[in-house]
Structure formats: C-alpha cells, structure tokens
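>>> this is a predicted model, with the sequence first.
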Amino acid sequence: MGRRMAGLTAVSLLFAAGCASGHPIGFSEVPRPAAVVGKPAPAPSPLLNGHAPCLPPGVATDFFTWPVRSFQPIVIPRDDDTVTSGAWVLYGKGDSRVAAVWGGEVLIAVDPNPATNAPIWVDRGLLDDDNRALRSETLSPCQWRRHGERQV
C-alpha cells in the first residue's frame, strides 16, 4: 500500500506527505467515520441520482458493490484557495482491488490495479492543469486520462 500511496501522492491533491504515516492532510479537520468492530468504514455512495459516476475506459462499475477494505478521509485543495473533504477508498473482492479518490460525491481518480505501478486514471475535467487541485469551475467531467499521459 505504501508504494501505491507514493504513486497517488504524485497526483498531489490525493495525499500529502503525512499519508505515509497513515494520517492524511487535514486529518483533524475531516470527521473520521465511526468505527464499528468487524465492519469496514463507510465509503461515499457511488450512486448519484440512481446512477454510478462515469468511469475511465475498461473500469466496470461492479467494484462499487465490493466491500471497502480501507478508507482514509482527506482534505482536497481547490484552485480558489478553499478546500473540500474527500476520501481515498480501497474496494476489494477476493484478490481484486480498486482504489478510488472521492471529492465529496465526485469521483476524481481511479486506480484499477493498485498493486502495480500502472498509471492511475484522473478526471482532467475536475482537476487543474497540474493535477494539484479541484477546479472551482469544472470543465466537462469524464475526461479521464492516465496520470502522466499527454493530452492530445
């Protein structure tokens, strides 16, 4: 998980340096989900108005129904110098895992193979040009690009 955290940090809005210690940026500012012994922490609901959010190519919506294996609240900077609460969520079923970054009810990034070094998907319609902050005025959402991939 530490290797993937480093990869997600490259997107910089996803995690701060403190994430390696298990404490995301703004940890004290974001309410932590109530812990229930033997049950995973709640994740953001993937269903918005009865529909799953758009996903990058090749990523199926079925992972939204998988149990949450890990949940970390995070604070995400916005390009208007405000912040919003978010969450890094690891979904898992059997040996399969998918990591997702949520900014409120907005899906910002997806890593369909968190155990590999493959680039993660980021929604360029929601992020600034440096992938460092959410846009205050979003472009068209669902502009998925692999992080590090050139825009054409």
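Happy to help now that I have it.

>>> find the least confident helix or strand in this protein, judged by mean pLDDT.
None of the helices or strands of the chain scores lower by mean pLDDT, DSSP states H and E than helix 2-9, at a mean of 37.

>>> list the helices and strands whichever helix or strand comes after that helix packs on?
Downstream of helix 2-9, the next assigned helix or strand under DSSP states H and E is strand 68-77. Applying 3 or more C-beta pairs under 8 Å, 6 or more residues apart in numbering; DSSP states H and E, one finds that strand 68-77 makes contact with strand 83-93, strand 96-103. In short, each C-beta sits where N, CA and C put it, glycine included.

>>> please identify which of those strands is closest to Thr116.
With C-beta to C-beta, the closest approach to Thr116 among those belongs to strand 96-103: 10.2 Å.

>>> report the mean confidence score over that closest one.
Averaged over strand 96-103, pLDDT sits at 96.

>>> need the helices and strands packed on strand 68-77 in JSON lines with mean neighbour count and distance to Asn113, can you?
JSON lines is the format used below for the helices and strands packed on strand 68-77 (neighbours: other C-beta atoms under 10 Å; distance: least, C-beta to C-beta, whole Å):
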{"stretch": "strand 83-93", "mean neighbour count": "20", "distance to Asn113": "12"}
{"stretch": "strand 96-103", "mean neighbour count": "22", "distance to Asn113": "8"}
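
>>> I'd like those laid out as TSV, including distance to Gln143.
Listed next are the helices and strands packed on strand 68-77 as TSV, based on distance: least, C-beta to C-beta, whole Å:
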stretch	distance to Gln143
strand 83-93	19
strand 96-103	15
